Structure formats: structure tokens, C-alpha cells
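1. Please work out how this folds:
(one chain, ligands or ions: 1)
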Amino acid sequence: MSLVEALQAQPAERLRRFRRTAGLRDLVRETRVSVRDLIYPLFVVPGRGIVEDLDAMPGQQRFSVDTLAHEVETVAGLRVPAVLLFGVPEEKDEAGSGAYDPDGIMPQAIQAIRRAAPDLVIITDVCLCSYTTHGHCGVVREGQVDNDASLELLARTAVAHAAAGADIVAPSAMMDGQVAALRAALDTDGFTDTAVLSYAAKFASAFYGPFREAAESAPQFGDRRGYQLPPSNAREALRELARDVAEGADALIVKPALPYLDILHQARQRWDHPLAAYQVSGEYAALKAAAANGWLDGDRAMDETLTAIKRAGADFIITYFAKEFARKEHDE
Ligand code: PBG
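-> So this is what the prediction gives:
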């Protein structure tokens, strides 16, 4: 039998039939990313009139509270539904008191966003690392991050954000019990409607590099392996997710995204909660650097990574590409 005869003897299934034209391919498309799936991270710094480019994150900037208004009008105008807010305080101290100051950078930014773009969903990062002199995500006692002492401060931070008008608080410190601590504090203070989006499976990753420059949050000694997940451990990640579900998390994040699609996929199968993936700063920076060198097609790489993240199970994606993706979607 010749090769051609062998092929003709096969059942009539030919997968290429639906790949022949753009119309056919579109008809059988299983996963579509929309701007409505995306959350845009924003960095707020002290001062006035500041719009500052970030070297390692081409196209991304830091804003002062006053310039933030214009930026969120643009974001909302592009129909990006939500922002994730990070603050850098005027002054850092050992206890990260700028994080839970009711008049601090975050409450000011939240109020400014609410005024400028009333319908934009406001999500806030709840962590101490940008606010502490040592750059760790909790309180340091005798060279160690003290889990339980950190919980109270994280809870106060979440309450300050809720009081200023945040819709969703997102604890990212990876302290044991942080979701329960936040939920209890929010409920006690009457913020029963503020949702908790937990960075439940957050890995100790090299891909956070550019972010630490943006948020000025690099640890001044040691690293975060004492509290963030080891990249080698999938079952441990699922236990973290299960804990946060048990503690009352309303929605879950897997972070970073592309290196952890297996975790995302398993989380999707196990839980019915809204599930987010965070395509982090280093994932963005790597693609941007390669595209700038002409080593890959930046547009296609953006589309492909976002599609892969959604295909693996994300309901929404936190990504620095949100505005760029939105502009492309609206142009088409
Ligand atoms: C704060 C926090 C980090 C990121 C989000 N929240 C940094 C870290 O854990 O060091 C990283 C986001 C990014 O890289 O885009 N704990």
C-alpha cells in the first residue's frame, strides 16, 4: 500500500478541514480572551504631577494620586473592568505603618479613582512589603517574619482600604491565616460586602523582579522563600488554595501565570470559585524585551499567553498588557 492509499484507508476524520480559512478557524475557536477578562495593575507613589516610566516594564508607569485620575479614565474608557492597586508610602518603617494609615497613599488613591471612574472595580493589594524598611511582607522579629504578629497589621490594612471604598481586597503576604484574619476584621468593622480575592497560590518566583523596582519592595535581607510557595510543589499549592477557601476567600489567584498553568488547571477542576491568574512583571518584561529585539512578535505572544492562561482555567487575568490588549481589541 502506498502512503496515499494508506491515508485514504483511514477514517474520514481530517482535522485540517476547520483550519482552512480564518472564518472556519474562528467558528471552532474554544477560548476567547476579551478585555472584560483583564485587570490592570497600577502603582501609586507620593508627590504631585508624577507620571514616571518604569525601565524594566516598558509601557508601564507610576502615578501620583493627582495624575492617577486621568489614567483611570483612560483605563475605564478602554473598558478594562478593574484595576489592582499598589502603593508606595511617603516613609517606610519597621512595622509598615504606612500600609494601614487610614489617610495613607492607598486610601487617597482609592478615593481619587472612585471619583474619576465610579464604575471601575477597585482591587487593592494587601501586603506590608512596600511599607517596611526591611522589605518583607510581614513584621520581622529576630530576623524572622512573625506570622501571627503580621496578621493584625494586614487586617488593619484591609479595613483601611475597605473604608476608603475598595471593592475587593487582595492579601498577598502569604501569611498563614491571613484570609480568616481579614474576613474577621472586615466583618467586625461592618465591611461585610468587601470581597477577599486571595493570592492563594503565590510562588517564590524570579519573575517578580521588575515589580520590586516599581513597588520599591525588594527584601533588604534574605528572600521570600520562608513564606511563598516553592516552585517545585503542586500539592502544597493545592493545600494553600484549600486553606484559603476554608478561611472564606471569595476568589482565588494563582501567581505567576504561565509557569504555573498546571496549578491553575487543577484549581479550576477542584473549586467553583472565581479564579484569577496573575501574569506578573517578569513575564511581561521578558516578552517585551524579546519583542523589542525583534526576537518574537510581541502582539502574537501577548495573545498566545493570555489565551493559554484562560484556556488553563482563569476567569480573569491580572496583566500589564490590559491596556495594550484593549486597544488592539477595539481597533479590530
Ligand atoms: C507583594 C506583591 C508582589 C507582587 C504582587 N504583590 C511581589 C513580591 O511578592 O515580591 C508581584 C507582582 C509582579 O511581579 O507583577 N507581596
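
2. for this structure, what spans make up the helices?
-> With DSSP state H as the criterion, the chain has helices at 3-8, 22-27, 65-77, 105-116, 147-164, 178-188, 209-214, 234-246, 261-270, 281-292, 298-312, 322-331.

3. Confidence-wise, which of those helices is weakest overall?
-> Of all the helices of the chain, the minimum mean pLDDT falls on helix 3-8 (a mean of 76).

4. Just the C-alphas of that one, formatted as CSV.
-> Once non-C-alpha atoms are left out, helix 3-8 reads as follows in CSV (Å, rounded to 0.1, in the frame of the first residue of the first chain):
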residue,chain,number,x,y,z
LEU,A,3,1.3,6.2,1.6
VAL,A,4,-1.5,7.9,-0.2
GLU,A,5,-3.6,4.7,-0.3
ALA,A,6,-2.9,4.2,3.5
LEU,A,7,-4.2,7.7,4.2
GLN,A,8,-7.3,7.2,2.1
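
5. just checking, what packs against that helix?
-> Counting contacts by 3 or more C-beta pairs under 8 Å, 6 or more residues apart in numbering; DSSP states H and E, helix 3-8 packs against no other helix or strand. Yep, even glycine has a C-beta here, placed from its N, CA and C like the rest.

6. Please compute how far it lies from its chain's middle.
-> Averaging C-alpha positions (C-alpha atoms, centre = their mean, to the nearest Å) puts helix 3-8 51 Å from its chain's average.

7. rewinding a little: now distance to residue 123 too, for the helices of the chain, in a markdown table please.
-> As requested, those are exported to a markdown table (distance: least, C-beta to C-beta, whole Å):
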| stretch | distance to residue 123 |
| --- | --- |
| helix 3-8 | 53 |
| helix 22-27 | 32 |
| helix 65-77 | 13 |
| helix 105-116 | 10 |
| helix 147-164 | 9 |
| helix 178-188 | 13 |
| helix 209-214 | 16 |
| helix 234-246 | 16 |
| helix 261-270 | 18 |
| helix 281-292 | 17 |
| helix 298-312 | 18 |
| helix 322-331 | 12 |
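
8. Dump these into CSV; add mean neighbour count as well.
-> Listed next are the helices of the chain as CSV, based on neighbours: other C-beta atoms under 10 Å:
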stretch, mean neighbour count
helix 3-8, 9
helix 22-27, 10
helix 65-77, 18
helix 105-116, 21
helix 147-164, 22
helix 178-188, 21
helix 209-214, 19
helix 234-246, 17
helix 261-270, 18
helix 281-292, 19
helix 298-312, 18
helix 322-331, 16
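
9. can you put those in CSV and add distance to the ligand?
-> Formatted as CSV, the helices of the chain follow (distance: least, C-beta to the nearest ligand atom, whole Å):
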stretch, distance to the ligand
helix 3-8, 49
helix 22-27, 32
helix 65-77, 17
helix 105-116, 13
helix 147-164, 11
helix 178-188, 11
helix 209-214, 3
helix 234-246, 14
helix 261-270, 16
helix 281-292, 3
helix 298-312, 14
helix 322-331, 12
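
10. Pull the number of nearby residues for residue 28.
-> Counted with other C-beta atoms under 10 Å, residues neighbouring residue 28 total 9.

11. ditto for residue 56
-> 17.

12. which residue sits closest to it, ignoring its sequence neighbours?
-> residue 210 (3.7 Å; C-beta to C-beta, 6 or more residues apart in numbering).

13. Thought residue 282 was touching that neighbour, still the case?
-> Yes - using C-beta atoms under 8 Å, residue 210 makes contact with residue 282 at a distance of 5.9 Å.

14. For the closest residue to residue 221 other than its chain neighbours, give its distance to the ligand.
-> Spatial nearest neighbour of residue 221, chain neighbours left out: residue 134 (6.7 Å); criterion: C-beta to C-beta, 6+ apart. To the ligand, residue 134 is 13 Å away according to C-beta to the nearest ligand atom, to the nearest Å.

15. What is the burial count for residue 134?
-> Neighbours of residue 134 (other C-beta under 10 Å): 19.

16. and if you look at residue 49?
-> Applying other C-beta under 10 Å, we find 8 residues neighbouring residue 49.

17. Please name the residues that touch it.
-> For residue 49, the contacting residues are 64, 66, 67, by C-beta atoms under 8 Å, 6 or more residues apart in numbering.

18. Residue 48 too?
-> Here residue 48 is in contact with 64, 66 (criterion: C-beta under 8 Å, 6+ apart).

19. What's the separation between it and residue 33?
-> 36 Å (C-beta to C-beta, to the nearest Å).

20. Next: residue 59.
-> Distance, residue 59 to residue 33, using C-beta to C-beta: 18 Å.

21. what about the two, which has more around it?
-> Neighbour tally, residue 59 and residue 33, criterion other C-beta under 10 Å: the higher count belongs to residue 33, 22 against 12.

22. wait, the more buried one sits on residue 306?
-> Yes - counting by C-beta under 8 Å, residue 33 touches residue 306, with 4.6 Å between them.

23. who touches both of these two?
-> Common neighbours of residue 33 and residue 306, using C-beta under 8 Å, 6+ apart, are 317, 325.

24. Which pLDDT does the model give the residue nearest to residue 132 when sequence neighbours are not counted?
-> Leaving aside its chain neighbours, residue 132 sits nearest to residue 96 (4.1 Å; criterion: C-beta to C-beta, 6+ apart). Predicted confidence (pLDDT) for residue 96: 96.
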